[in-house]
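Colleague: here is the input, now give the coordinates:
(2 chains)
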There are 2 protein chains.
Amino acid sequence: MYPIKTLHTEVLLRNRWYAIRRDDILLPDGSLGEYNVVDRRDAVFIIPVLPDGRIVLIRHYRHTVRDWVWAVPAGSIEDGIDPTAMARTELREEIGGRTESLTLVGDFFTMPGISNERSYVFLARDVRLGTHARDPTEIIESHILEKKDVYDMVRRGAIKDAPCALALCLVEHLLEDG
Amino acid sequence: MYPIKTLHTEVLLRNRWYAIRRDDILLPDGSLGEYNVVDRRDAVFIIPVLPDGRIVLIRHYRHTVRDWVWAVPAGSIEDGIDPTAMARTELREEIGGRTESLTLVGDFFTMPGISNERSYVFLARDVRLGTHARDPTEIIESHILEKKDVYDMVRRGAIKDAPCALALCLVEHLLEDG
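Modeller: The predicted structure follows:
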């Protein structure tokens, strides 16, 4: 069924966050090749909207790129947890948010050129903010912004974290004007 | 200046596409930690628009997720090549496209939770289609779609390749109505 057939597979490296899996593959033209897959748990991205329609973004320091980037609450889905429960947990841990209204909006492959990670996008409405519970590796500030300003940022490319920017694009048509 | 300080760094694995770099880090609270970075060349994503305003999408078989996904021409930037030249090359190789009108629209970090890859988004207007030059690992079909249909797909979440979907979002306001 699949145009690429896996002949042999082997884990080259495993860390706390993912494994690098080497697949020896057979291509449709009959030639042999190699593909390395970043084998990783799925993730959730949550767009938190306050009762007054404003949106909570975070500024996240990312060691990978040595920069602060605008983002939304997100995280990998832990074993045995369903995406909705994980979205609730990340919302609470990263910005102290709670809500009764959490809707799955869609999903995408975060970086399918190299990884099998699938990301689920949630819209959290009527979010009330309390105390967050960030761990020391999460260097995050919360910012409350008007919806208009958030989407101006999206359109002018100021949200540099790609899956976060896409998550914002996917919920836009669900948000009331204001 | 950076909230996270790197104390020691070491390459754990290197393949044709990226290296996995282990950084031993010092966190702002004084605790020690480890970060693994997928150290990877930057990338280009190109939105090809024909003279009549229609858009060329590709269907790309992705071994990582064992599925066909809608995408746009894209690729890693080879050493010594600038992003614009690489965008021209990918446009030609993946869909046989040529243009005199290639505009850098923006950039983003593809997956900054794990990788330092930066992606540059190009809008290619007045694209003429000729013969492509795909290599055997690129299992790709070209499809020509109306702009309206493409953005309906984006909004209903049918473009599952996240950086491609975001690239389409970022150029939308630059495309004329029609």
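Colleague: okay, now the unreliable bits of chain A?
Modeller: For chain A, the stretches with pLDDT under 70 are A:177-178.
Colleague: that one: strands as residue ranges?
Modeller: Taking DSSP state E to define them, one finds strands in chain A at A:5-14, A:19-26, A:32-39, A:43-48, A:55-62, A:67-71, A:74-76, A:97-98, A:101-109, A:118-125, A:128-129, A:140-145.
Colleague: deepest-packed of those, please.
Modeller: strand A:43-48 (a mean of 27; mean count of other C-beta atoms under 10 Å in any protein chain shown). Where you see a C-beta, it was placed from the backbone N, CA and C, and this is true even at glycine.
Colleague: just the residues contacting that one, thanks.
Modeller: Strand A:43-48 has contacts (C-beta atoms under 8 Å, 6 or more residues apart in numbering or on different chains) with A:55-56, A:72-77, A:83, A:86-87, A:90-91, A:95, A:97, A:99, A:102, A:105, A:110, A:117-124, A:127, A:163-164, A:167-168, A:171.
Colleague: please repeat the previous calculation with a cut-off of 6 Å.
Modeller: Applying C-beta atoms under 6 Å, 6 or more residues apart in numbering or on different chains, the contact partners of strand A:43-48 are A:56, A:72-74, A:76, A:83, A:86-87, A:91, A:97, A:117, A:119-124, A:127, A:163, A:167, A:171.
Colleague: now, which of these lie close to chain B?
Modeller: residue A:163 (C-beta under 6 Å from any C-beta of the partner chain).
Colleague: so what's the residue positioned nearest the centre of chain A bridging to?
Modeller: Most central in chain A under C-alpha atoms, centre = their mean is residue A:45, positioned 4.1 Å from the mean C-alpha point. Per DSSP bridges, the residues bridged to residue A:45 are residue A:74, residue A:121.
Colleague: distance of it from residue B:171?
Modeller: Computed as C-beta to C-beta, to the nearest Å, the residue A:45 to residue B:171 distance reads 22 Å.
Colleague: then residue A:68?
Modeller: In terms of C-beta to C-beta, residue A:68 sits 26 Å off from residue B:171.
Colleague: quick one: contacts for residue A:41?
Modeller: Residue A:41 sits in contact with A:76, A:77, where contact means C-beta under 6 Å, 6+ apart.
Colleague: let's see it at 10 Å
Modeller: A:17, A:18, A:75, A:76, A:77, A:78, A:79, A:81, A:86, A:116, A:117, A:118 (C-beta atoms under 10 Å, 6 or more residues apart in numbering or on different chains).
Colleague: touching, the fifth one and residue A:86? I think so.
Modeller: Yes: with the criterion set as C-beta atoms under 10 Å, residue A:77 and residue A:86 qualify as a contacting pair; they are 4.6 Å apart.
Colleague: between these two, what contacts are shared?
Modeller: With C-beta under 10 Å, 6+ apart as the test, residue A:77 and residue A:86 both reach A:41, A:42, A:43, A:44, A:120.
Colleague: do I have it right that the second one meets residue A:86?
Modeller: Yes: Residue A:42 is within contact range of residue A:86, at 8.9 Å (criterion: C-beta under 10 Å).
Colleague: between these two, which contacts overlap?
Modeller: Joint contacts of residue A:42 and residue A:86 (C-beta under 10 Å, 6+ apart) are A:76, A:77, A:120.
Colleague: any buried residues in stretch A:165-178, and which?
Modeller: A:165, A:166, A:167, A:168, A:169, A:170, A:171, A:175 (16 or more other C-beta atoms under 10 Å in any protein chain shown).
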